[in-house]
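Asks: sequence first, then the predicted structure, then my questions.
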Amino acid sequence: MKLRMSLLLVALLLLLPAAACRAESPLAEKPLAEIMDALYERATAEYGFAPTWNLELIDIPITPDKNDWYFGTEIEYVEALASEYIMMPPAYSVCLVRVQPGDDAAAIAETLRASADPYKWVCTSAGAVAVEYSGDLVLLVMAEPENTEALRQAFTELFN
């Protein structure tokens, strides 16, 4: 019995450093605006992201009173940021959400996937919706399919 307990203790001690050294992106703790910039840089360089009609993108902090517009539902978060065109002819929205410590990012991602409304714009709709998460970050993209996929791939590469 002592041998079994000793072996179990040794096994647990061997696993502890592996769990502590879990690879996490150095971007994970950065402000959302810096993460958004890195996301666009990677999507453009690696996956062919191209802004529609060469319109300028701006970052917009998302406050709880705007949850319905951006997410289609109420969620709890530490902070959230949207990136959209200054002028809104195309249906386009990229949202980064930092969830509350201890909250289940996977569950929040599923909530966003179920509630995101690609038809929220008047007279137009986003061609695709993507939702990804890593650690305490959740990404929601509604845009043309090729840009949605470029941003989804960039997020996955940066954080997984």
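Replies: Sure, I can see it.

Asks: what residue is smack in the middle of the chain?
Replies: residue 139 (1.9 Å; CA atoms, centre = their mean).

Asks: quick one: buried residues of the strand or helix carrying residue 131?
Replies: Assessed by DSSP states H and E, residue 131 sits inside strand 128-134. For strand 128-134, the neighbour count (16 or more other CB atoms under 10 Å) marks 129, 130, 131, 132, 133, 134 as buried. In short, each C-beta sits where N, CA and C put it, glycine included.

Asks: before we move on, what SS does the residue lying closest to the second one once chain neighbours are set aside have?
Replies: In other words, residue 130. In space, residue 130 comes closest to residue 152 once its chain neighbours are excluded; the distance is 4.1 Å by CB to CB, 6 or more residues apart in numbering. Three-state assignment for residue 152 (DSSP: H, G, I helix; E, B strand; the rest coil): helix.

Asks: show me the contacts for residue 152.
Replies: 130, 132, 139, 141 (CB atoms under 8 Å, 6 or more residues apart in numbering).

Asks: greatest separation within those: which pair is it?
Replies: Maximum pairwise distance among these (CB to CB): 8.4 Å, between 132 and 141.

Asks: which secondary structure element of this protein has the lowest mean pLDDT?
Replies: When each helix and strand of the chain is scored by mean pLDDT, DSSP states H and E, helix 2-20 comes last, with a mean of 43.

Asks: give the buried residues for the helix or strand following it.
Replies: The helix or strand immediately downstream of helix 2-20 is helix 32-47, counting by DSSP H and E. For helix 32-47, the neighbour count (16+ other CB under 10 Å) marks 32, 35, 36, 38, 39, 40, 42, 43, 47 as buried.

Asks: helix 32-47: how far from the chain's middle?
Replies: Relative to its chain's centre, helix 32-47 lies at 12 Å (CA atoms, centre = their mean, to the nearest Å).
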